[in-house]
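Colleague: build me a structure from this.
(chains A, B and C)
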Amino acid sequence: MKKLAFLLAILFIGTTLLAAKGLATPALLQKLEAEGKVSPQTQACLACHMRVTPGIVMDWLNSKHALNPPANVEKLYEAIGAGPQPIAKKFQNYKYVVGCYECHGMYKVKDRVDAVNHFGFKIVTIVTLQDCSQCHPKEAKEISWTWHAFAALNTNLNPWYKKIVKYAKDHNEMDMLPPVFKLTHKGLITWQWYKDYAKALYDYLNGKPVSAKWMKYIKLFGTPYDYDFKNIVSPLYPASGGLNTTVAAKVGYKPTIGAVCAVGKWNYYEQISNPMSHPMFKNAYAYHACYECHGTLVVPYKTETKMIKGFPVTRMDYWGWPSNGAGRIDPDGSLGTCTACHPRHSFSVAQAREPWTCGQCHLGYDHPHIEIYEESKHGNIYDANKEKWNMEAIPWKVGTDFNAPTCATCHMSTIASPDGSQILVKGTHDLRARLVWDQMHFFTYPKADYPDNVQLAVIKGVSVLTGANIQKAVSGGFKVIPGPKAGELAFPRLATIKYYGALAQKRAAMEKVCTLCHSTQWTKNFFRTADQNMIDYDIVAHYAFDLLKKAWKEGIQDPHNKLDEVMEVEWYYIWHHQGRRWRNGAFMMGPDFAHWFGIVDTVMEALNRMLGYYQMAKEVKMLQTQLQALAK
Amino acid sequence: MKKLAFLLAILFIGTTLLAAKGLATPALLQKLEAEGKVSPQTQACLACHMRVTPGIVMDWLNSKHALNPPANVEKLYEAIGAGPQPIAKKFQNYKYVVGCYECHGMYKVKDRVDAVNHFGFKIVTIVTLQDCSQCHPKEAKEISWTWHAFAALNTNLNPWYKKIVKYAKDHNEMDMLPPVFKLTHKGLITWQWYKDYAKALYDYLNGKPVSAKWMKYIKLFGTPYDYDFKNIVSPLYPASGGLNTTVAAKVGYKPTIGAVCAVGKWNYYEQISNPMSHPMFKNAYAYHACYECHGTLVVPYKTETKMIKGFPVTRMDYWGWPSNGAGRIDPDGSLGTCTACHPRHSFSVAQAREPWTCGQCHLGYDHPHIEIYEESKHGNIYDANKEKWNMEAIPWKVGTDFNAPTCATCHMSTIASPDGSQILVKGTHDLRARLVWDQMHFFTYPKADYPDNVQLAVIKGVSVLTGANIQKAVSGGFKVIPGPKAGELAFPRLATIKYYGALAQKRAAMEKVCTLCHSTQWTKNFFRTADQNMIDYDIVAHYAFDLLKKAWKEGIQDPHNKLDEVMEVEWYYIWHHQGRRWRNGAFMMGPDFAHWFGIVDTVMEALNRMLGYYQMAKEVKMLQTQLQALAK
Amino acid sequence: MKKLAFLLAILFIGTTLLAAKGLATPALLQKLEAEGKVSPQTQACLACHMRVTPGIVMDWLNSKHALNPPANVEKLYEAIGAGPQPIAKKFQNYKYVVGCYECHGMYKVKDRVDAVNHFGFKIVTIVTLQDCSQCHPKEAKEISWTWHAFAALNTNLNPWYKKIVKYAKDHNEMDMLPPVFKLTHKGLITWQWYKDYAKALYDYLNGKPVSAKWMKYIKLFGTPYDYDFKNIVSPLYPASGGLNTTVAAKVGYKPTIGAVCAVGKWNYYEQISNPMSHPMFKNAYAYHACYECHGTLVVPYKTETKMIKGFPVTRMDYWGWPSNGAGRIDPDGSLGTCTACHPRHSFSVAQAREPWTCGQCHLGYDHPHIEIYEESKHGNIYDANKEKWNMEAIPWKVGTDFNAPTCATCHMSTIASPDGSQILVKGTHDLRARLVWDQMHFFTYPKADYPDNVQLAVIKGVSVLTGANIQKAVSGGFKVIPGPKAGELAFPRLATIKYYGALAQKRAAMEKVCTLCHSTQWTKNFFRTADQNMIDYDIVAHYAFDLLKKAWKEGIQDPHNKLDEVMEVEWYYIWHHQGRRWRNGAFMMGPDFAHWFGIVDTVMEALNRMLGYYQMAKEVKMLQTQLQALAK
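Modeller: Numbers count the residues shown, from 1 in each chain, chains lettered A, B, ... in the order given. Modelled structure (predicted):
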């Protein structure tokens, strides 16, 4: 019987695991409630929401939140060797699991403008990074130091934010800005000024009194949405080149265009020489393009209150909502969005480790990281073996829980030895920690230390686009030592890049991950050959850009709008699309991306096309000159 | 011991589930046969076919068909709240499971020409939508109302079918046509005329007598294959532009080209000015391109009979077979192909719910729905969690069986509450039911109510390409209310589109699915910003098309062949490729598709290129004019 | 109690299976060591490497190697009906499992230059195809007959290898070359000469004496890396066209370009007229592009010895390492890389059967086999059902282990009947065995019998690029019988291609796989319509290439560098990119690839663009002539 009991014990474990394979059922909720694990407030929420939005309630029921009181997170911090990371006082001895009310009702910033009355509870719709930071302080801090938190301010909100930064600098009101230079690598970066601005704006829009100081700001800055992006031409909005084209005017094309107004009917006719100037054209793609990855500025602008079952229920109307973009800016001044990668309401680590979670944004023409991963041997092993992996284990045990890296493994994860006894690699949400190069912009230089490109530019004079003054924003450095010459029989071939200081640490941090599976020689040689691509690309990029500058100078292209003529667009492709694919493909084992979608598209397609266009345009220009001479 | 028994019970369930994870083994067949569940006829089939085509026999063994007598489908209709859906009489008390004979031998239309003698049984090779409709009447009806059933007639068979529709209209023989205007949303639409035509054609091709009436049709219409698509230039066959190019003749290019005839040998030399005019060029790509998704017209043209083991076995030779294209037209007059999505011979609902089942056809340049899905948060959650899902459950319980939608969920599925007690969303195979917009053609208008574009054009004068007269084919309507102007600080920004009638119902039907997981504000705002893209796209499309019309008028492009010159091709890309990606990307959460592959490709790539070409061509034209003037 | 025992037995199986779902844990290693299954030498390796490179140790622990002594492979050969395949003597009665030492220490070629002292063991870092052949003789032989083994010599190493082949031919030293014409389809092909050359080269580079004969070779051939690919323009390196562009010189563009040397600093300025001529430009993309799929020549060039724990540990430095490219050439003269598809260190058959294993290299612009598979019904069924499949079973049972093919199934696998009692299809690693056509090059002809394109060209005068003399390298043949004419009502339509000899056998071998699930008519019709695409493509390709030749002749394009002008690049796209997609899409059920990415890109995009450019360039040329005439 003992043997039987033993056998049964084994079987029981088997069955338990098995049960764990499926999604949770509503029965689990009944069990949790019966056991007193769910707070009375959350029970109140669930009573309606299980009917109103069953999908997200069930999602939560599938989460770790539904099963754990807040303080359990401390065990996770221990498990990953992150020492004590004190959570918010109110949650330290909190006895209920993390449910609806705990996040939507026990938010961090008490005076945020968008907290509303919901059946007598004061709740917020949007749970922000600061709210999550109450129990996940390390991750919140680290992500706030990254481009992810600044993904909106650096890009789609850049023109609006730049006005604010310039004003702050010119008027020495630096408190208006997120304290990036002070807090990077130290504390949680938030944008306190926006919290107050959101409040003032809400009051203004609802006819309430606003102080002179804040009225001034409102007049100066409005919101990023007010101009619907008219008349901005920027590589950050590359469609803007064509939408504002100057070529049409040059060739005398001024059509009269209507806008659709009903089934089979058009109205609002306007004579325009480019699409942007049509008053009904609103650049609405931005909401489903830029904003979906980069994030919005969430603007609370109106409330409505209804009585439901005798209780007042207020709804806050937001503009810029919904958004799960990585750099969403919330009405409490939070920068960054946890749910971009740990989506609603399961907040799962397994989900965040899944390659397509990163791939949601990191894909396509300009940064096909997911496609490169899928093509890599790493991705291939993942595909063949993922069913055997443990995506939930904390820490993540190399070889036992996974046998090839996903994106998270190399860039973020805490990795333990196969038996779990040792932490081999310390984890971080600071995605810069294991990366040396900026592979996104014109030429070759390392990533800046600070995540706020606008403050870097306006306050420090650093351009991450062209690399101007980049040394002011980089710690550590590198030195290029040329390799043997062409024709010389000598090894190792290629240049050697020697790193020092912070850059050496970053490269070492990544190599540490590689060497969990690969030999030192394998790893060093891999990076040596990849590094030379940074030099090679840079030569090609200068070659191409100089050609465009020559064309601008000679009047073959017109630099007024830098994104609406053949050579301008091809140059954009070179640095923004194909040059990135080349470099990313080299560093992440995507041969098709290094080659076909990379250097081949760069030089066979784009550079050849620039040269071909230049040649033809020059011949036509010469004909025009000769003909004018003749005609005289 | 009681506890032990309980434990064992639990374990047993676990193990059973586990066993269910693998594919069936041949032992299951032995079991089913031993239990008398398989009809004697089907047993006879299996006796040979387990050896001859073991793959499909095993596929069937893995299906629900192998385990259930026909009448069990009634329980499924109950489960999805679809009320009684009477199945064919002969199957109502049928005691065997659905096997080979039940589908291939108990077909619906008894006089179809392609039923042949097979070891003494009269069987058909092709099981048609009408055959499936005997037990699945609701689904067969609904799918017959959609473009899926008309996918061949609307596109690859369009030129042939248009001749028939014109004839029917001109001679007032409307019985020749599928009764789309009568039966859409009412009954099963089939093409009875084709059933008789297939018979007449078969007789003609085999030297049997054919009545004068049918001979007339045969002479007039032949089959769609007879011309091998020579000399048709149409956006439906976009390669046709280049294959029939008129530019070569203009520049005096008339090469003599051979066709391959053996290893390293060429023959059949012809002087041609475009590839289509070579007699050995047959447009065979169509069979592996258009036809694979859209479907073929199946033409039975010959029989061969052999004696095998003393029995006569007749094989019908078909042209247009194999095909699993969605709109295949079968010799019994069926329109539409169930196996396109429930493939052979497992006919699985799980398979049809898998995103790549839709993605087989809905991918690529012109409608990258699967790529958009993969990139969306929905697809990402699916990827990370699908192992925990129950893809078989009927109805599908939100949160319990799945925690993110696949294509089917939003567009088709019956969805139940997490505990299965309530149907929250009624399912349908009518894919129009939850969709407002036509996002495929030139400009902005809703989807037509009827699935037959050719009858719409010829009979009703409605063009779904340009939207001409579209209001005649749309129920309900919409009204555009412009939003705040650029520069105005006001919310909500953007235009509002108000729907009424059937269009309002369609939008509400989709929103109902969204709100299972998302709040009302989330849902409304999402559609508000997406809707503005319909207006924006429309402005850009008119702007681009007007430019092409100007170029045609000025002789810069030649409208004779509308698909063989630079600006013509770019315009095709705008409406057919990039404009769809823009719109689809916006509505389905594919930011990379809304942006890079969408509006950026539309305006930075295609529109810039149109303008750039126009500018250069105009300068050359002007030089020519000036030179001529000088030369005089 | 009996029933209970039975139940428990079932449950136990269930649980065992369940346990098998996860990855192995370190406990398994302890168990294997305790049971005496691991050799003492391997135990010594593991003692350190479990700490030093835990990832690969765990990978090995998850492999069949960790559980089986070498001779167990004989059971597999029996199971797939491959008769006795004698393994190396030393392994025939070897009692330990296949561990570190068995592969890295018991290598086949004893005198290879890169065997080094490692804690007293003489080991090699790189385990080669010859090493694997000791226990897997059939697979090693077969793969050595394929382009996979010659993937580096045929492409990225082609210019270097061609010098050697020419020398061997001119001096009648044929022993220098791999004996492809003698051993293909017979024995294991290796490159013995390179083994000795690697030794001589190592001695030379390390200042040791080298015989006059080998010094001559070293002076003549060096290594493929020495010139860093300067000044080669070849379709094998398509970026080379633009990198060596001649257009810049023609239009007078000679910029002075620096190379990056530190953070924000540039140096090494040179005036150049193309990027390749910059001395710091090194073509390093090749290491992360060509080499990653095609493989490197591994050159051992230096050793370093350290004392670790009192033992000498020598490291061999390699150039061309790491590489898992399919055609890697190892210092023991091996051609081909087993780990390209059975990656390190799990060597799994399941992995190799996974579609993305092939897709790692077979993807993208020029051979999107994985994308086509994903889009095909086969790929779709795989996606929906793979969790139920048994990817490990040997042989692979149709319907029971899998219900749709992956790449391996059609091209390589041994396939058994559903109950495993019969081998229905014999497996092979010779990927030519089931393939008729060369779908990669200019025109239409079958695949050559031999895998070494350079020897074919230099020794036999056969060009696989243009098909010149291809009949000398093809066994068997085909004959094209034209089908009915356009306008004729007759079936079957399209041409019929009749195969004879070896080509007929190859086609039959593939059809045998198809007919496991599909009827004979289905299969024959599928190939009939696909075959016509070979004829159609060939006509279009000749039409396009003749146009380019005309442009060269008329001075509209300059044939000096054949890859740097508009029409040249478009022609490259036609045969190398789009023409392949068209043909591959047709044969592998990828309608989007046959159509949009195939024929449409071929004729609507590339051919139209060639014609459009030709037309414009000709008009400009005519203006120039007319103007010159006027100016006189």
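
Colleague: now A:Pro312: which helix or strand?
Modeller: Using DSSP states H and E, A:Pro312 sits in strand A:311-319.

Colleague: just how off-centre is that strand within its chain?
Modeller: What separates the centre of strand A:311-319 from the centre of its chain is 29 Å, taken as C-alpha atoms, centre = their mean, to the nearest Å.

Colleague: cool, stretch A:138-156 as well?
Modeller: 8 Å.

Colleague: what's the end-to-end length of that stretch?
Modeller: 27 Å (C-alpha to C-alpha, to the nearest Å).

Colleague: can you tell if that stretch touches chain B?
Modeller: No: Stretch A:138-156 stays clear of chain B (C-beta under 8 Å from any C-beta of the partner chain), getting no nearer than 10.5 Å. For every residue, glycine as well, the C-beta is placed using N, CA and C.

Colleague: returning to what we had before: now what about the strand holding A:Pro312, what contacts it?
Modeller: A:114, A:116-120, A:125-126, A:223, A:225, A:298-307, B:491-493, B:521, B:525 (C-beta atoms under 8 Å, 6 or more residues apart in numbering or on different chains).

Colleague: buried subset of those?
Modeller: For these, a burial check counting by 16 or more other C-beta atoms under 10 Å in any protein chain shown picks out A:114, A:116, A:118, A:125-126, A:223, A:225, A:298-301, B:491-493, B:525.

Colleague: can you flag which of these belong to strands?
Modeller: Of the buried ones among the contacts of strand A:311-319, the ones assigned to strands by DSSP state E are A:Val116, A:His118, A:Val299, A:Pro300, A:Tyr301.

Colleague: tell me the one of those nearest C:Gly359?
Modeller: A:Val299 (44.9 Å; C-beta to C-beta).

Colleague: who's the closest one bridged to?
Modeller: A:Val299 has the following beta-bridge partners by DSSP bridges: A:Trp319.

Colleague: check it and give its pLDDT.
Modeller: Per-residue confidence at A:Val299 stands at 98 (pLDDT).

Colleague: ok, A:Gln422 - contacts?
Modeller: A:Ala416.

Colleague: farthest-separated two in the ones in strands among the buried ones among the contacts of strand A:311-319?
Modeller: The largest separation in these, counting by C-beta to C-beta, is between A:His118 and A:Val299 at 20.2 Å.

Colleague: what about the residue lying closest to A:Ser211 once chain neighbours are set aside, neighbour count?
Modeller: Leaving aside its chain neighbours, A:Ser211 sits nearest to A:Ala200 (7.4 Å; criterion: C-beta to C-beta, 6 or more residues apart in numbering or on different chains). When neighbours are defined as other C-beta atoms under 10 Å in any protein chain shown, A:Ala200 has 18 of them.

Colleague: and for A:His49?
Modeller: 15.

Colleague: buried ones in the helix or strand hosting it, by neighbour count?
Modeller: Per DSSP H and E: A:His49 is located in helix A:40-52. Residues A:Gln41, A:Thr42, A:Gln43, A:Ala44, A:Cys45, A:Leu46, A:Met50 are the ones in helix A:40-52 that count as buried (16+ other C-beta under 10 Å).

Colleague: with stretch A:572-583 instead?
Modeller: Result for stretch A:572-583 [16+ other C-beta under 10 Å]: buried residues A:Tyr572, A:Tyr573, A:Ile574, A:Trp575, A:His576, A:His577, A:Gln578, A:Gly579, A:Arg580, A:Arg581, A:Trp582, A:Arg583.

Colleague: and it, is it in reach of chain C?
Modeller: Yes: contact between stretch A:572-583 and chain C, assessed by C-beta under 8 Å from any C-beta, occurs at A:Trp582.

Colleague: make sure A:Gly612 is actually in contact with C:Val566.
Modeller: Yes: assessed by C-beta atoms under 8 Å, A:Gly612 is found in contact with C:Val566 at 4.9 Å.

Colleague: gap between A:Pro405 and A:Lys199?
Modeller: Distance, A:Pro405 to A:Lys199, by C-beta to C-beta, to the nearest Å: 44 Å.

Colleague: what of A:Tyr572?
Modeller: 40 Å.

Colleague: low-confidence ranges, chain A, go.
Modeller: A:1-20 (pLDDT under 70).

Colleague: all strands for it, in order.
Modeller: In chain A, the strands defined using DSSP E lie at A:116-118, A:121-123, A:256-262, A:265-271, A:299-308, A:311-319, A:396-397, A:415-416, A:423-425, A:437-438, A:445-446, A:477-481, A:496-500.

Colleague: output those as CSV; include the columns distance to C:Met176.
Modeller: Putting the strands of chain A into CSV (distance: least, C-beta to C-beta, whole Å) gives the following:
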stretch, distance to C:Met176
strand A:116-118, 83
strand A:121-123, 80
strand A:256-262, 71
strand A:265-271, 75
strand A:299-308, 75
strand A:311-319, 74
strand A:396-397, 50
strand A:415-416, 48
strand A:423-425, 48
strand A:437-438, 43
strand A:445-446, 47
strand A:477-481, 36
strand A:496-500, 34
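
Colleague: check whether stretch A:269-281 contacts chain B.
Modeller: Yes: residues of stretch A:269-281 contacting chain B under C-beta under 8 Å from any C-beta: A:Ile272, A:Asn274, A:Pro275, A:His278, A:Pro279, A:Met280, A:Phe281.

Colleague: err, stretch A:379-394, not the other one
Modeller: Yes: using C-beta under 8 Å from any C-beta as the criterion, contacts between stretch A:379-394 and chain B involve A:Glu387, A:Met391.

Colleague: buried stuff in that stretch?
Modeller: Neighbour counts over stretch A:379-394 (16+ other C-beta under 10 Å) mark A:Gly379, A:Asn380, A:Ile381, A:Tyr382, A:Asp383, A:Ala384, A:Asn385, A:Lys386, A:Trp389, A:Met391, A:Ala393, A:Ile394 as buried.

Colleague: tell me the one of those residues nearest C:Ala352?
Modeller: A:Ala384 (8.7 Å).

Colleague: return the distance of the closest one relative to C:Ser348.
Modeller: 7 Å.

Colleague: for chain C, what is the nearest residue in the stretch 51-200 of chain A?
Modeller: Of all residues in the stretch 51-200 of chain A, the one sitting closest to chain C is A:Gly81 (16.8 Å; C-beta to the nearest C-beta).

Colleague: please read the previous query as pertaining to the stretch 151-300 of chain A.
Modeller: Counting by C-beta to the nearest C-beta, the stretch 151-300 of chain A gets nearest chain C through A:Val251, at 16.2 Å.

Colleague: wait, that residue touches B:Lys618, no?
Modeller: Yes: with contact defined as C-beta under 8 Å, A:Val251 reaches B:Lys618; the gap is 6.0 Å.

Colleague: longest helix in chain A, by residue count?
Modeller: helix A:520-553 (DSSP state H).

Colleague: may I ask which two of the buried residues of stretch A:379-394 are separated the most?
Modeller: A:Asn380 and A:Ile394 (25.7 Å).

Colleague: quick one, what contacts the residue in the stretch 451-600 of chain A that chain B sits nearest to?
Modeller: Closest to chain B within the stretch 451-600 of chain A is A:Val566: 4.9 Å, counting by C-beta to the nearest C-beta. The contact partners of A:Val566, by C-beta under 8 Å, 6+ apart, come to A:Gln557, A:Arg609, A:Met610, A:Tyr613, B:Asn608, B:Arg609, B:Gly612.

Colleague: all good on my end, thank you.
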